[in-house]
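[1] Based on what follows, work out the 3D shape:
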Amino acid sequence: MKILFFAPHSALWPHAFPEAIVADALLHHGHEIVYASCGELFQQYCVPMSAAGVKPSEPIEHRQAVCNTCERYDRLLRQGLGLKGPTLRSLLVAEDFVETDAMLSTVTAQSLREFERDGVPLGRIALYQFVIRKKRISLDLDSADWNEYLAELRSTIYAWLAARKLLDLHKPDRVIVYNGLYSVNRAACVLAERRGIPAMFLHAGVNLSNRLQTLMLGRGDTFSYYPRLLSRWRQFAEVPCTPDLLAQVTDHYLQLVEGRSVFVYSKGKSDQAFDIRRHFAISPDQKILVATLGSYDEEVAAEMVGARVFKKVPLFKTQAEWIAALVEFMSRRPENFLIVRVHPREFPNRRDGKKSEHARLLEEVLLQLPANVAVNWPADQISIYDLVEQTDVFLNSWSSTGKDMALLGIPTVIYSDEMPLYPIELNYFGDTPESYFAAIEQALKDGWSAEKVRQSYRWAAYEFSRSTIDIGDSFDELEARKRSFFRKVVDQLRRRINPDFRQHRNLRRRRSPPLAAGQITDIVEAAAATVVDRLKPENLKRASAEQEANALRIELRRLGEAIFPSPKERAASRLFARLTTAEFLA
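    Sure, this is the predicted structure:
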């Protein structure tokens, strides 16, 4: 089998190195690998430039510095793993650049959604990074925005042209990319699929404690991966988890509580007890509800490029409409108090410094509120884990908070069964005004649930471990590793001597082929939609219900002690008591 790796982002080493590990695994199983890297084709603007904090408007030297890194890492990967194939730049000739200019001259802000070639919607595909970077929910573009979008579209057209030549020349049986949503990758994948060639994607897992040691591998992209996982979930929902699987779940949640990862937008849990009632002036007899909003950028971007498609319109078309309905509901429920928690990603954060278009709308919507409604803005610097002790019910749009709070046993209510990327049975659900508000009342009545805890742990084990490939024997770097002062100094000195020390170390330490080479090969040969599609029942890790219950008690104590670090907090906490005395029925 001939397999094309469309790999133009070598400067993103945490992406490029696992991608090369997968190529190495397939090589060792006798497959022919065509490895196509960038070769500075996307030098006007690209994903690694954005990741490096380089803006499209910056001088060419800044962008060239990223290109230089990309070229250097590409050479390391090719030499270190014996990868062969052309660069994308080497495939294009002068006529291709002339053709691209001609195409760009025909595109307008009004026509960009309809611009396509070979049935590939290049105009829409090129929106993905642009919408995320600009945090847009509309396409009302000024001249500066338009120029940025045209840079993305130019690269997308180049990718389509290069992919067309690669497919014509090599006639691969599979195409593999890292992240099937990136515009240049998506252009190649959509073209391949239209020619009947399965296009597959790689992506790091979502467990923050070992993100780089796990990989999703399947057909399409992450937004097609999760619906497939959910369709298979019932086969795993009743399977008790082993202690090691449960421990990995807790390790992830400890990262969320600490809030140190760049992928955690909420700040870390406060060292001291946080009195939510005192902070928001909530009376002792009022029940507390927290509405957690999702971030629109990735959601809207995925919808615009056609990766996120819904079968039906959700109960609330926008989050602003949802909040307005909740505020009206609360105006008739003085016995309750609502805190509207705006997603930290809507405002400048540790990963980007831009306020979203939606944030400006929220600032207008949330101006006048009844006495029993308050807003938790990101500027308040309150961790979501500062709120869990006294919150009775969480109300969620589509963010991961819905599964995170369920794992703590706190009832959570959602209004869409399609938007959240986790099983709706972890939450309460209503898709009509009557059933939704009835679900809120039921959640308030039912209260804390040990069974929700167990099911949430099982889902997390399924999502983090069962549905990913373990490449830890070939890539042992930990993003969340705590380093001593001495280790930090040593690492800094090593980087000064050799800026690529980390890359050389990864290459030197890797196992070739990885232990998961057989699993990787099986999934690619089958063009499987997900890892679990090829998971054999006899290979499934499982425990007895009693073993799982004992392990859950250990994990919940670990989690409880992290959320409530001081003995004084633990003694006064109702949630800590629930977590550490939970009983799980067989």
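[2] hey, which helix or strand in this structure has the poorest pLDDT?
    In the chain, no helix or strand scores lower on mean pLDDT, DSSP states H and E than helix 485-497, which sits at a mean of 72.
[3] neighbouring contacts of the helix or strand just after it?
    Following helix 485-497 in sequence order, the next helix or strand is helix 501-509 (DSSP states H and E). Residues outside helix 501-509 that contact it (C-beta atoms under 8 Å, 6 or more residues apart in numbering): 13, 17, 73, 76, 80-81, 475-477, 494-495, 498. Using the backbone N, CA and C atoms, a C-beta is placed for each residue, glycine as well.
[4] and what of stretch 143-159?
    6, 8, 41-42, 44-46, 56-57, 88, 92, 96, 100, 103-104, 107, 109, 112, 115, 117, 122-123, 125-127, 129-130, 133-134, 141, 183-185, 187-188.
[5] Take those residues and keep only those in helices.
    Residues of the contacts of stretch 143-159 located in helices (DSSP state H): 88, 96, 100, 103-104, 122-123, 125, 127, 129-130, 133-134, 183-185, 187-188.
[6] Quick one: buried ones out of the residues you listed?
    Among the ones in helices among the contacts of stretch 143-159, those classed as buried by 16 or more other C-beta atoms under 10 Å are 88, 96, 100, 103, 122-123, 125, 127, 129-130, 133-134, 183-185, 187-188.
[7] Low-confidence bits of the stretch 451-586 of the chain, can you list those?
    Judged against pLDDT under 70, the low-scoring parts of the stretch 451-586 of the chain cover residues 480-481, 483, 485-488, 490, 586.
[8] Would you mind listing the residues in contact with the residue nearest to Arg136 when sequence neighbours are not counted?
    The spatial neighbour of Arg136 that comes closest, neighbours along the chain excluded (C-beta to C-beta, 6 or more residues apart in numbering), is Glu357 at 5.4 Å. By C-beta under 8 Å, 6+ apart, Glu357 lies in contact with 134-138, 296.
[9] do you know how far Glu357 is from Ala325?
    Glu357 sits 22 Å away from Ala325, going by C-beta to C-beta, to the nearest Å.
[10] hang on, the earlier thing: redo the contacts of Glu357 as CSV? Include pLDDT and distance to Leu535.
    Putting the contacts of Glu357 into CSV (pLDDT from 0 to 100; distance: C-beta to C-beta, whole Å) gives the following:
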residue, pLDDT, distance to Leu535
Lys134, 81, 39
Lys135, 79, 37
Arg136, 75, 39
Ile137, 73, 38
Ser138, 75, 42
Tyr296, 82, 34
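[11] Of the residues you listed, which count as buried by neighbour count?
    Among the contacts of Glu357, those classed as buried by neighbour count (16+ other C-beta under 10 Å) are 134-137, 296.
[12] neighbours around the closest residue to Ser435 other than its chain neighbours, how many?
    Leaving aside its chain neighbours, Ser435 sits nearest to Phe429 (7.9 Å; criterion: C-beta to C-beta, 6+ apart). Using other C-beta atoms under 10 Å as the criterion, Phe429 is surrounded by 18 other residues.
[13] Could you do Arg75 as well?
    Residues near Arg75, counting by other C-beta under 10 Å: 12.
[14] Averaged pLDDT, whatever helix or strand it lives in. What do you get?
    Assigning secondary structure by DSSP H and E places Arg75 in helix 60-81. Looking at helix 60-81 alone, the average pLDDT works out to 96.
[15] Tabulate the contacts of Glu357 (TSV), appending distance to Ala527.
    Shown next, in TSV, are those (distance: C-beta to C-beta, whole Å):
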residue	distance to Ala527
Lys134	35
Lys135	35
Arg136	34
Ile137	35
Ser138	37
Tyr296	33
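[16] quick check, nearest of those to Asn376?
    Tyr296 (17.8 Å; C-beta to C-beta).
[17] Now for the residue nearest to the closest one when sequence neighbours are not counted: which residues touch it?
    In space, Tyr296 comes closest to His358 once its chain neighbours are excluded; the distance is 4.7 Å by C-beta to C-beta, 6+ apart. Shown in contact with His358 (C-beta under 8 Å, 6+ apart): 135, 137, 296, 319, 346.
[18] Can you check what pLDDT the model gives the residue nearest to the first one when sequence neighbours are not counted?
    Ranked by C-beta to C-beta, 6+ apart and with sequence neighbours excluded, the top spatial neighbour of Lys135 is Ser356, at 3.5 Å. With respect to pLDDT, Ser356 scores 70.
[19] so Ser356 sits right up against Glu299, yeah?
    No - in this structure, Ser356 is not within contact of Glu299 by C-beta atoms under 8 Å, at 11.4 Å.
[20] Map the structural domains onto the sequence of this protein.
    Annotated domains of the chain cover 2-96+160-234+471-537, 243-461+551-580 [automatic domain parsing].
[21] Tell me the span between the first and last residue of the last one.
    This points to domain 243-461+551-580. 17 Å (C-alpha to C-alpha, to the nearest Å).
[22] Quick test: name the residue nearest the centre of this structure.
    Val206 (6.6 Å; C-alpha atoms, centre = their mean).
[23] Hmm, Arg570 is touching Phe576, no?
    Yes - taking C-beta under 8 Å as the definition, Arg570 is a contact partner of Phe576 at 4.8 Å.
[24] Settle it for me: which of these two has more neighbours?
    Between Arg570 and Phe576, Phe576 has the larger neighbour count (other C-beta under 10 Å), namely 20 against 17.
[25] Tell me which residues of the helix or strand hosting that one come out buried.
    According to DSSP H and E, Phe576 maps onto helix 574-580. Going by neighbour count (16+ other C-beta under 10 Å), the buried part of helix 574-580 is 575-576, 578-580.
[26] Burial check on the closest residue to Val453 other than its chain neighbours, number of neighbours?
    Leaving aside its sequence neighbours, Val453 sits nearest to Gly409 (C-beta to C-beta, 6+ apart; 4.5 Å). Neighbour count for Gly409, taken as other C-beta under 10 Å: 21.
[27] now do Glu364
    Neighbours around Glu364, by other C-beta under 10 Å: 8.
[28] where's it, which helix or strand?
    Glu364 belongs to helix 357-365, assigned by DSSP H and E.
[29] Wait, Leu245 touches Lys541, no?
    Yes - with contact defined as C-beta under 8 Å, Leu245 counts as touching Lys541 (6.1 Å).
[30] can you list residues touching both of the two?
    465-466.
[31] In terms of neighbours, single out the busier of the two.
    Neighbours were counted for Leu245 and for Lys541 using other C-beta under 10 Å; Leu245 has more, 22 against 13.
[32] Looks to me like that one is in a helix.
    Yes - counting by DSSP: H, G, I helix; E, B strand; the rest coil, Leu245 falls inside a helix.
[33] And the pLDDT for it?
    97.
[34] Tyr226: which of the buried residues of helix 574-580 is nearest?
    Tyr226 has its nearest neighbour among the buried residues of helix 574-580 in Leu579, at 27.7 Å by C-beta to C-beta.
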